[in-house]
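Visitor: Provided below for reference: sequence and predicted model.
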Amino acid sequence: MPTRFAPSPTGLLHLGHAFAAFMAWEEAARSSTSCLLRLEDIDVSRTRPEFTDAIFADLAWLGLSYPTPVWLQSQRMPAYADALTSLERLGLLYPCFCTRQDLLAIDAPQGPDGPLYQGTCRSLSPMQRDDLIASGKPFALRLDSTNAISLAGPLTWTDLNAGPQSANPALLGDAVLARKDIRSSYHLAVVIDDAAQHISVVTRGDDLFASTHLHRLLQELLSLPVPLYRHHRLIRDDLGRRLAKRDGARSLQSLRQNGLSPADIRQLLGIL
């Protein structure tokens, strides 16, 4: 059963991505299995063909190869729609009509994904929801976490570094699972695809540790297998900030063009 590396083609890869790719490969080597490549391209407004091409070029330069065909999440929308239908039949989804401005105006406690949603639209009556939908007001689909947690019961999952974990999906509140412009959230798509690709160990950064609590809940609700997890350290800049595309983290492409070798990249990352 394989591991996987799953970048998003919404920008150029940086050192943090290289570290994640190497960690997935090391996990595969430990288990004598393969490492798959999956492109998480569900955000079509930010995905660019040139970024996809750059991902393949960067990984080949690093000496990392992957089985083909490479999965594209943009081609997996029917599977995500089926999962949403299953959750809807369980009565666990509701439309949320709050705008980003509405959400920012609420003084809500912070969760791993930002301010926790306070359930404004959860209490709308079916008639109110139908009227708003009929009026053409945009909406997102949120998970009713209270009912979902009650239905699923106590859950556990295992991180190979941190050990057994008691799942606490309430950390992420009523998470958005789909929008009109993005028909599946990261949380839903990654759970569906890890199961469909029979991923045995999910390797990813520590910044997604809290998200795994929600992913474990979705696995239970959708009757999906539960992989093991290994959350690794993040690569940070000189100020201690996590490297991110939006902050202009220096790309692997630019490092390569400036004469660095794959061995130099490994040394920068502290990988022997």
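Guide: All right, it came through fine. Note that the structure is a prediction, hence the values are computed from the model and not measured.

Visitor: burial count for residue 193?
Guide: Close neighbours of residue 193, defined as other C-beta atoms under 10 Å, add up to 21. Where you see a C-beta, it was placed from the backbone N, CA and C, and this is true even at glycine.

Visitor: one more: the one 3 residues further on?
Guide: When counting by other C-beta under 10 Å, one arrives at 12 neighbours for residue 196.

Visitor: swap in residue 119?
Guide: Counted with other C-beta under 10 Å, residues neighbouring residue 119 total 15.

Visitor: name the nearest residue to it, ignoring sequence neighbours.
Guide: Spatial nearest neighbour of residue 119, excluding adjacent residues (C-beta to C-beta, 6 or more residues apart in numbering): residue 174 at 6.3 Å.

Visitor: same question, residue 226
Guide: Counting by C-beta to C-beta, 6+ apart, residue 226 lies nearest to residue 219, which is 5.4 Å off, once chain neighbours are set aside.

Visitor: ok so, going back, quick one: what helix or strand has the residue nearest to residue 119 in it?
Guide: Of the helices and strands defined by DSSP states H and E, none includes residue 174.

Visitor: and it, what does it touch?
Guide: Counting by C-beta atoms under 8 Å, 6 or more residues apart in numbering, residue 174 touches 96, 117, 119, 122, 142-145.

Visitor: so which residues of the stretch 1-150 of the chain form strands?
Guide: Counting by DSSP state E, counting those that start in this stretch, the stretch 1-150 of the chain has strands at residues 3-5, 35-39, 71-72, 93-96, 110-111, 114-115, 140-143.

Visitor: which stretch among those comes nearest residue 252?
Guide: With C-beta to C-beta as the criterion, residue 252 lies closest to strand 3-5 of these, at 13.5 Å.

Visitor: next, residue 203: phi, psi?
Guide: Residue 203 adopts backbone torsions of phi -100, psi 130, taken as degrees, to the nearest 10.

Visitor: find me the pLDDT at it, would you?
Guide: With respect to pLDDT, residue 203 has a value of 98.

Visitor: run a quick neighbour tally on it.
Guide: Neighbouring residues of residue 203 were enumerated by other C-beta under 10 Å; the total is 25.

Visitor: and the gap between it and residue 216?
Guide: Applying C-beta to C-beta, to the nearest Å, the value for residue 203 to residue 216 is 16 Å.

Visitor: can you check residue 253 too?
Guide: In this view, residue 253 and residue 216 are 36 Å apart by C-beta to C-beta.

Visitor: these two - which one has more neighbours?
Guide: Comparing residue 253 with residue 216 by other C-beta under 10 Å, the one with more neighbours is residue 216, at 23 against 15.

Visitor: so who does the closest residue to residue 195 other than its chain neighbours touch?
Guide: Excluding its sequence neighbours, the residue lying closest to residue 195 (C-beta to C-beta, 6+ apart) is residue 224, at 4.2 Å. Counting by C-beta under 8 Å, 6+ apart, residue 224 makes contact with 191-192, 195, 218.
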